[in-house]
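> Please work out how this folds:
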Amino acid sequence: MANRTEYDAELREINVLIHEMGKEVKRSIDRIIHAFPERDAKLASEVMERDDIIDKMETDIEEKCINIVVKQAPLASDWRKIASYMRMIGDLERIADNSSDISIYIIKLSKLPEVEVPYEFHKMFLTMREMVGNTIESFFTGNIDLAKDVSAQDDIVDQGFDSVVKEITEKIKADPENTEQYINYLMVAKYIERMADHSENIASWVSFIVKGQLQMSYTDRYQKESQQFQFYE
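Alright, predicted model coming up:
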């Protein structure tokens, strides 16, 4: 069984690795934010190529979390940290995957005639990026107020998505020849919304680390609300 000094050192190492993973995820977001308006297929391809790096980071951190549990039974507070770490890296990896998904549509758009970008896209991108940064900061500083701000920001992204859907619907009616581009825009907007939702998931674990009180995440709320509906074959 590892002694406490070694144990604390391993926890600090995991913290550092998650910080590095968070930085790499934010770099992926920055790349798609720059690639999207320019329809830069080369930059979008770089995002997809680097996704394997983030996948490897997730695997390495997950293994370290499992090893630390095996080597020494964690204290209750450490259990909260380790469980939250594993949830966090899962959401970070999904955010990175969504960056790659958006990159696919940027490449598709680069091969099609250019059409006007929906108005709310810029705000959605920047708000989502700020959310990711705030979740990472709140996660490691224990700033519950900052985590609460993430939920408010998620509402902004959701409202932006609704506006984009309405605008794209009107554009398709007015310009049906370019429907493919507008559908690609719609998919990009959906992935931005998902990235914001994953950020909110991460923020929901901050109070669990600090107070041991688990807030209902977006995923948990979705599952609970889905149970209210009855489906028939």
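
> For the rest of this, base every contact and every neighbour count on C-alpha atoms.
Noted.

> mind listing the helices for this protein?
Assigned by DSSP state H, the helices in the chain fall at 4-38, 41-71, 76-110, 121-141, 144-174, 179-204, 206-211, 218-226.

> for the fifth one, packing partners?
So that's helix 144-174. Helices and strands touching helix 144-174, by 3 or more Cα pairs under 8 Å, 6 or more residues apart in numbering; DSSP states H and E, are helix 121-141, helix 179-204, helix 206-211.

> So which of these is the most surrounded?
Highest mean neighbour count of these: helix 179-204, a mean of 23 (counted as mean count of other Cα atoms under 10 Å).

> packing partners for that one?
Helix 179-204 packs on helix 76-110, helix 121-141, helix 144-174, helix 218-226, going by 3+ Cα pairs under 8 Å, 6+ apart.

> Helix 4-38 and the second one, what's the angle between them?
What that stands for is helix 121-141. Using axes from the mean of the first three to the mean of the last three Cα atoms, to 10 degrees, the inter-axis angle of helix 121-141 relative to helix 4-38 is 180 degrees.

> send the alpha carbons of stretch 98-112 over as PDB?
Taking Å, rounded to 0.1, in the frame of the first residue of the first chain, the C-alpha atoms of stretch 98-112 are listed here in PDB:
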ATOM      1  CA  ASN A  98     -17.200  17.200 -31.200                       C
ATOM      2  CA  SER A  99     -14.400  19.500 -32.400                       C
ATOM      3  CA  SER A 100     -13.500  16.800 -34.900                       C
ATOM      4  CA  ASP A 101     -17.100  16.400 -35.900                       C
ATOM      5  CA  ILE A 102     -17.300  20.100 -36.700                       C
ATOM      6  CA  SER A 103     -14.100  19.800 -38.600                       C
ATOM      7  CA  ILE A 104     -15.700  17.200 -40.900                       C
ATOM      8  CA  TYR A 105     -18.400  19.700 -41.800                       C
ATOM      9  CA  ILE A 106     -15.900  22.500 -42.300                       C
ATOM     10  CA  ILE A 107     -14.200  20.300 -44.900                       C
ATOM     11  CA  LYS A 108     -17.500  19.600 -46.500                       C
ATOM     12  CA  LEU A 109     -18.400  23.300 -46.600                       C
ATOM     13  CA  SER A 110     -15.000  24.100 -48.200                       C
ATOM     14  CA  LYS A 111     -16.000  22.100 -51.200                       C
ATOM     15  CA  LEU A 112     -19.400  23.800 -51.700                       C
END
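
> So for it, what gets flagged as buried?
98-107, 109-110 (16 or more other Cα atoms under 10 Å).

> swap in stretch 84-98?
In stretch 84-98, counting by 16+ other Cα under 10 Å, buried: 84-86, 88-98.

> same check, this time on stretch 32-44
Buried, per 16+ other Cα under 10 Å, within stretch 32-44: 32-33, 35-36, 39-41, 43-44.

> residues in contact with residue 48?
99-100, 103 (Cα atoms under 8 Å, 6 or more residues apart in numbering).

> picking that back up, which of the helices of the chain has the lowest mean pLDDT?
When the helices of the chain are compared by mean pLDDT, helix 218-226 comes last with a mean of 43.

> Can you report how many residues lie near residue 8?
14 (other Cα atoms under 10 Å).

> any idea how far residue 133 is from it?
Residue 8 sits 25 Å away from residue 133, taking Cα to Cα, to the nearest Å as the criterion.
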